[in-house]
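Student: what follows is a predicted protein model with its sequence.
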Amino acid sequence: MASEIVGVICKGMHIEGRMSFEGTARIDGSFKGEILSDGTLLVGEGARVEGEVSVGDIVVSGEVHGTIAAKEKVELRAPARVHGDIRTPTLIISEGVLFDGNCIMTEKSEEVKRTGT
C-alpha cells in the first residue's frame, strides 16, 4: 500500500457498474458491480461492496458480498463482514471478523482467476 489514493467513493455515495484503477482506491460508500485492478483496494468501515472484486491487494474493514480474488494479499480487519469466496496467496483475518465463504489459497506466482468462472 505504498501508492497514494487515486480515487474515493465517499460515505453517502452509491455507485453501480464497473470500476478499474491504478494505484490505490478507497470505498467508504457503496459499490455494486465489478472491480478490476492490479492495485490496492481499501474497503472502509461502514462501506458495502457487492459483486466481483479482482485486485492486487485488498484491505476490508466494511462489508463485501461476492467473490474476492487478490494476486498478493487479502486482509480482513474488524469489524469486516465478508460473504463470498476468496482466492489469494495470503489471507489475514483479524479477531472480530465474520467470513462466510470458502478460501482457495494460491501460489504467489499463479495468475489469480476470478472465482465465479
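Tutor: Okay, I see it.
Student: residue 71 against residue 58, yeah?
Tutor: No. Assessed by Cβ atoms under 8 Å, residue 71 is found out of contact with residue 58, at 10.1 Å. In this view, the C-beta of every residue, glycine as well, is placed from N, C-alpha and C.
Student: more crowded one of the two?
Tutor: For residue 71 versus residue 58, neighbours defined as other Cβ atoms under 10 Å are more numerous around residue 58 (27 against 20).
Student: excluding chain neighbours, what is closest to the more buried one?
Tutor: Of all residues not flanking residue 58 in the chain, residue 41 sits nearest, at 4.6 Å (Cβ to Cβ, 6 or more residues apart in numbering).
Student: next SSE after the host helix or strand of the one you found?
Tutor: Per DSSP states H and E, residue 41 falls inside strand 40-43. As assigned by DSSP H and E, the chain's next helix or strand after strand 40-43 is strand 48-60.
Student: so which elements touch that following strand?
Tutor: Other elements packing on strand 48-60 under the criterion 3 or more Cβ pairs under 8 Å, 6 or more residues apart in numbering; DSSP states H and E are strand 30-36, strand 40-43, strand 63-65, strand 68-76.
Student: what does it contact?
Tutor: Strand 48-60 is touched from outside by 1, 27, 29-43, 62-77, 80, 82, 112, 114, 116, with contacts defined as Cβ atoms under 8 Å, 6 or more residues apart in numbering.
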